[in-house]
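sequence below, structure please.
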Amino acid sequence: MDVTLDSIRDIRLYQSRIGYRFSVDSLLLYDFVNLKRVNRSADLGAGTGIVGILLAKKYPDASIILFELQDSLIRLAEENVVQNCLEDRVKVIRCDLRTLPALSLAPQDYDLVVSNPPFRRLKSGLLNVEDEKAIARHEVKLRLHELVDAASYLLREKGRFCIIYNPYRLSELIDVLKKRNLEPKRLRFVHSNMSSEAKMILLEAIKRGNRGIKVEKPLYIYKEDGSYTDELKGIYKSP
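Next comes the predicted model:
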């Protein structure tokens, strides 16, 4: 595999030169997590492991499982765990999330579940359904309700699920969450700049939480001159 070794914040990551590569979405999801303490966490569809590895640095007492389906990404995630000296706390598991209970993991045992899932609906005839990028970005192997089923299965009472998703599907996402006892509690819209409509949403839901949702101030990626906003620079900056 032709790979690059890249640095972001305080970690280093191997990733494919031409296959799936992380984007700003992963950094935004990581930054959105605001728990004071995490004991057990899971990343559903972890890719090369960027979000889970960043969270392991953020919460030095946490044990984290990276769930991934694609073998090429699993190999990179395993190398990235070693590269960042996290073998004692971060584990990579090959898993089709639709069959998660078959792994015999302890259900309702996680404080935090995160996901940067495929959020584009599959349009027949337009994609190579075995392509690494297609599987990561389109609902080829995993549908929204299946992802949320997995999150609900893992989370303890009052545990939190953080997801970055497409605003066009916000109402669908909220409906699916509520049907699985995950109450949306915190929402933030992400815009390219102050003149654009939202391109992403960040949402936190609490398992069997009380009703009521807080809408946070918008997050802007670029200034009008095309440079990163100060907030984005802060997210990218090493601690």
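
from the contact counts, what lies against the helix or strand harbouring Val113?
For Val113, the host element (DSSP states H and E) is strand 110-115. Using 3 or more Cβ pairs under 8 Å, 6 or more residues apart in numbering; DSSP states H and E as the contact test, the elements touching strand 110-115 are helix 24-32, strand 40-44, helix 50-58, helix 144-154, strand 155-165. The C-beta positions use only the backbone N, C-alpha and C, and glycine is treated the same way.

output the ones you listed as TSV; include the columns mean pLDDT, mean neighbour count and distance to Leu105.
As requested, these are exported to TSV (pLDDT from 0 to 100; neighbours: other Cβ atoms under 10 Å; distance: least, Cβ to Cβ, whole Å):
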stretch	mean pLDDT	mean neighbour count	distance to Leu105
helix 24-32	96	20	22
strand 40-44	97	26	9
helix 50-58	97	24	15
helix 144-154	95	22	7
strand 155-165	97	22	12
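
lowest-confidence helix or strand of this structure?
helix 132-137 (a mean of 46; mean pLDDT, DSSP states H and E).

circling back to that earlier point, ok and the strand holding Val113 relative to helix 24-32, angle-wise?
For strand 110-115 against helix 24-32, the angle by axes from the mean of the first three to the mean of the last three Cα atoms, to 10 degrees is 160 degrees.

which is the next helix or strand following the longest helix along the chain?
As assigned by DSSP state H, the longest helix anywhere in the chain is helix 71-83. Next along the chain after helix 71-83, taking DSSP H and E as the criterion, comes strand 90-94.

in the protein, which ranges drop under the pLDDT threshold?
Counting by pLDDT under 70, the chain shows low-confidence ranges at 1, 119-141.

and if we set it to 50?
124-125, 127-130, 132-136, 138-140 (pLDDT under 50).

residues in contact with Val176?
The contact partners of Val176, taken as Cβ atoms under 8 Å, 6 or more residues apart in numbering, are Leu144, His145, Val148.

no no, Leu142
Per Cβ under 8 Å, 6+ apart, neighbours of Leu142: Gly45, Leu69, Leu97, Arg98, Pro117, Pro118.

that older thread, tell me the strands beside the strand holding Val113, with direction?
Paired strands of strand 110-115, with direction, are strand 40-44 (parallel), strand 155-165 (parallel) (DSSP bridges).

now those in CSV, with distance to Tyr30?
As requested, these are exported to CSV (distance: least, Cβ to Cβ, whole Å):
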stretch, distance to Tyr30
strand 40-44, 10
strand 155-165, 9
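
those: which one's closest to Ile235?
Between Ile235 and the strands paired with strand 110-115, the shortest gap by Cβ to Cβ is with strand 155-165, which sits at 12.8 Å.

after the closest one comes which helix or strand?
helix 170-179.

helices and strands around the helix or strand just after that following helix, which ones?
Sequence-wise, the next helix or strand downstream of helix 170-179 (DSSP H and E) is strand 182-191. The contact analysis (3+ Cβ pairs under 8 Å, 6+ apart) places strand 182-191 against helix 144-154, strand 155-165, helix 170-179, strand 198-207, strand 214-215, strand 219-220.

what pairs with strand 182-191, parallel or antiparallel?
Counting by DSSP bridges, strand 182-191 is paired with strand 198-207 (antiparallel), strand 214-215 (parallel), strand 219-220 (parallel).
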